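# from the sequence below, what's the structure:
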Amino acid sequence: MPIYEYKCNDCQCIFEQIKSITDTSAPACPQCNSEKTTRQLSPVNSLCDKLKSIANKGSRFT
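Numbers count the residues shown, from 1 in each chain. Got it, this is the predicted structure:
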């Protein structure tokens, strides 16, 4: 299951939660229990692009 990053709109706490892809409900904040949380965009895609670029250039580890 993927790990999603959320931010609480009340206390600004940033936290992660493992959730099913089909589970679209927003979790409560673990710090203040607010249900006003939003899922954040993750920089994983840019990291994957960098890794692909390195792999395409060749690596002494492969």
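
# what segments of this structure are helices?
44-57 (DSSP state H).

# spell out the residue ranges of the strands in it.
Counting by DSSP state E, one finds strands in the chain at the ranges 3-8, 14-18, 37-39.

# helices or strands next to the shortest one in the packing?
Under the contact definition 3 or more C-beta pairs under 8 Å, 6 or more residues apart in numbering; DSSP states H and E, strand 37-39 sits against strand 3-8. Using the backbone N, CA and C atoms, a C-beta is placed for each residue, glycine as well.

# list the buried residues for the strand it packs on?
Going by neighbour count (16 or more other C-beta atoms under 10 Å), the buried part of strand 3-8 is 4, 6, 8.

# burial measure for Ile18, as a count.
Ile18 has 9 neighbours, counted by other C-beta atoms under 10 Å.

# typo on my end, Asn33
That count, for Asn33 with other C-beta under 10 Å as the rule, works out to 10.

# contacts only, for it.
Not one residue lies near Asn33 by C-beta atoms under 8 Å, 6 or more residues apart in numbering.

# what's the spacing between it and Cys11?
Distance of Asn33 to Cys11, computed by C-beta to C-beta, to the nearest Å: 10 Å.

# and Cys11, how far from Thr37?
10 Å.

# the two: who's more crowded?
For the pair Cys11 and Thr37, the greater number of neighbours falls to Thr37 (20 against 12), based on other C-beta under 10 Å.

# from what I can see the more buried one touches Ser25, true?
No. Judged on C-beta atoms under 8 Å, Thr37 makes no contact with Ser25 at a distance of 10.0 Å.

# coming back round to it: where do the contact lists of Cys11 and Thr37 overlap?
Cys29.

# got any ranges where the protein has weak pLDDT?
42-62 (pLDDT under 70).

# for Glu5, give me its contacts.
14-16, 39-40, 42.

# coming back round to it: and which of the buried residues of strand 3-8 is nearest Ile21?
If you rank the buried residues of strand 3-8 by distance to Ile21 using C-beta to C-beta, Tyr4 comes first, at 9.6 Å.

# relative to Leu41, how far out is that closest one?
Look at Tyr4 and Leu41: by C-beta to C-beta, they are 10 Å apart.
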